[in-house]
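Asks: take a look and give me a structure for this.
(one chain, ligands or ions: 2)
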Amino acid sequence: MDRIVVTGGHKLHGEIPVSGAKNSAIKLMAASILTDQPLRLTNMPRLADTKFLGQLLRQFGVTVTETGQGVDQETLFDAREITSTFAPYDLVRQMRASFNVLGPLLARTGHAKVSLPGGCTIGARPVDLHLDALTRLGALIELDEGYVSATAPKGLRGAEIEFPFVSVGATEHTLMAATLAQGTTVLKRAAREPEIGDLARCLVMMGARIEGIDTDTLVIEGVTSLTGGEWSVIPDRIEMGSYAVAAAMAGGEVRLTRGRADLIAALTDRMVEAGVEVTPTDDGVIVRRDPGVRLKATDIATEIYPGFATDLQAQFMALMTTADGTSIIHENIFENRFMHAPELARLGADIAVHAGEARVNGVEFLHGAPVMATDLRASVSLVIAGLVAEGETSVGRVYHLDRGFERLEEKLSACGAQIERQHGYHDEH
Ligand SMILES: CC(=O)N[C@H]1[C@@H](OP(=O)(O)OP(=O)(O)OC[C@H]2O[C@@H](n3ccc(=O)[nH]c3=O)[C@H](O)[C@@H]2O)O[C@H](CO)[C@@H](O)[C@@H]1O
Ligand SMILES: C=C(OP(=O)(O)O)C(=O)O
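Replies: Residues are numbered from 1 along each chain as shown. Ligands and ions are numbered 1, 2, ... in the order given. Below is the predicted model:
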């Protein structure tokens, strides 16, 4: 097993290119099932999650061809023939979003059997909204021994669906299925995350008829078939936000490129409030901070987009561990997303968690210690804390981190961080 070792106390100076968004790429990959023509995705991140999903798509008979390196990374998906519509537990359990192949398989072939999903253990994470919406589109659904079997013998048909609350996964899942349904589908209380806009725009490029993109009401006029084409994956706002916080934590000056400042406005507004200098640029932001001056404790509450992203909560908590004063962090999206708090405490942070609220009492210094990544975004929060912790911080179970951060050590060490990956480490936990 790998671990990442960070030696704290080095300022960051330089440039970090933002990769394509994991949470868009994996939905766009699932959309490739909807057409028998090739779909080329550019600005593709190479991550454990895109690899898992590539394996799953191959299981259905999709040809997946990766080419290029760095900013030229792209992948061609050719789902000319779907040879299987079975998604086994072993391939779905690794990543929650792989469940979202169910709708596209059903829309394209009329049947599918998909294992219930895995993903980060940050809450119960049921899929009831997904299944209710597919049922409204005319799917017959059965649950048996951890598998969902769905059929639509007469094809899917449009419906008006009002989600009881906002769900990113259920919105994009239903959106994909509805593109090939007969008639009109209206999705109310739809999620508006930028990755959904990216998916919807790609589907429109493929011939789908969708109105209301980026709003909470999507109107989809079903078509009989979609075409292929080429699409560039939107920048990863969570990766971008994580490096913005890393620069703020370590101090120095970092320019984030190939990104979009507007996508992380909720985060940078709070960073500015805390005393970090953030300057938007044409393709990202410049983050500056004098490490000699303590940041001011700042409160956050996670919300649906355009609010503060739950996927940036752990990173912001790490930043607040050394701020002056007490910051209150409310987690409103997932019921169990503070598992990084006890790990940050090993580094000397003072954090009290009660239900959905964490009180972070800023301390002057953190000290290095062995810590364990508990989920994807928690793992990067530990790396961020390690950037200022005195001595060495070793982060175990980095397979969580590898799900969503491409070449993290390379990107941070190019800016002066002392960080390395060690292979073959024995995890005693
Ligand atoms: C791969 C991907 O894009 N993952 C993102 C996606 O996850 P994901 O799509 O799983 O998140 P959702 O927006 O669906 O979840 C929001 C809340 O709704 C609940 N829920 C969801 C569906 C359902 O059928 N029933 C139900 O109760 C969830 O347990 C959670 O408490 O959006 C989250 C919220 O921005 C992000 O943290 C994840 O990084
Ligand atoms: C929680 C995340 O991923 P998943 O929904 O796949 O678990 C994430 O990207 O932060």
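Asks: can you name the residue of this structure nearest to ligand 1?
Replies: Proximity of the chain to ligand 1 (CB to the nearest ligand atom) peaks at G169, 2.7 Å away. The C-beta positions use only the backbone N, C-alpha and C, and glycine is treated the same way.
Asks: got the residues of this protein near ligand 2?
Replies: Residues of the chain that fall close to ligand 2, judged by CB under 6 Å from any ligand atom: 23, 95-97, 119-120, 311, 376-377, 404.
Asks: for these, which one is nearest G325?
Replies: Comparing those against G325 with CB to CB places R377 closest, at 23.9 Å.
Asks: pull out the buried residues from the one helix or strand in the chain whose mean pLDDT sits lowest.
Replies: Least confident helix or strand of the chain, by mean pLDDT, DSSP states H and E, is helix 89-92 with a mean of 88. Buried residues in helix 89-92, counted by 16 or more other CB atoms under 10 Å: 91-92.
Asks: so what does the helix or strand that comes right after it touch, helix or strand wise?
Replies: Downstream of helix 89-92, the first helix or strand assigned by DSSP states H and E is helix 102-109. Judged by 3 or more CB pairs under 8 Å, 6 or more residues apart in numbering; DSSP states H and E, the packing partners of helix 102-109 are strand 111-115, helix 128-136, strand 147-151, helix 168-179.
Asks: any idea which of these is most buried?
Replies: When these are scored by mean count of other CB atoms under 10 Å, the highest mean neighbour count falls to helix 168-179 (a mean of 27).
Asks: packing partners for the following helix or strand past that helix?
Replies: Counting by DSSP H and E, the next helix or strand C-terminal to helix 168-179 is strand 184-188. Applying 3+ CB pairs under 8 Å, 6+ apart, we find strand 184-188 packed against strand 160-162, helix 168-179, strand 217-221.
Asks: quick one: residues in contact with the last one.
Replies: With CB atoms under 8 Å, 6 or more residues apart in numbering as the test, strand 217-221 has contacts from 158, 171, 175, 178-179, 181, 183-188, 190, 200, 208-212.
Asks: who in the stretch 301-429 of the chain is up against ligand 1?
Replies: So the stretch 301-429 of the chain meets ligand 1 at 310-311, 333-334 (CB under 6 Å from any ligand atom).
Asks: filter these down to the buried ones, ChimeraX style.
Replies: Buried members of these, defined by 16+ other CB under 10 Å, are picked up in ChimeraX with:
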select :310,311,333,334
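Asks: and of the residues of the stretch 301-429 of the chain next to ligand 1, the nearest to V101?
Replies: For those, the nearest to V101 is D311 (21.8 Å; CB to CB).
Asks: quick one, phi psi at that closest one?
Replies: Reported as degrees, to the nearest 10, the phi and psi values for D311 are phi -70, psi 0.
Asks: okay, and the beta partners of P370?
Replies: Beta bridges link P370 to S394, judged by DSSP bridges.
Asks: count of residues packed around it?
Replies: 16 (other CB atoms under 10 Å).
Asks: what does R157 give?
Replies: 17.
Asks: pLDDT score assigned to it?
Replies: Confidence at R157, expressed as pLDDT, is 97.
Asks: looking at it, it is touching A139, isn't it?
Replies: No - in this structure, R157 is not within contact of A139 by CB atoms under 8 Å, at 9.9 Å.
Asks: so which elements touch the lengthiest helix in the chain?
Replies: Criterion DSSP state H: the longest helix present in the chain is helix 237-250. Applying 3+ CB pairs under 8 Å, 6+ apart, one finds that helix 237-250 contacts strand 12-17, helix 22-31, strand 252-257, helix 265-274, strand 284-289, helix 313-320, helix 376-386, helix 408-413.
Asks: what lies in contact with the fifth one?
Replies: Residues outside strand 284-289 that contact it (CB under 8 Å, 6+ apart): 18, 240, 244, 247-248, 251-261, 264, 268, 271, 275-279, 295.
Asks: how about the residue of the chain most remote from its centre: what's its closest non-neighbour residue?
Replies: In terms of distance from the mean C-alpha position of the chain, K154 ranks first, at 34.6 Å (CA atoms, centre = their mean). Excluding its sequence neighbours, the residue lying closest to K154 (CB to CB, 6 or more residues apart in numbering) is G138, at 7.1 Å.
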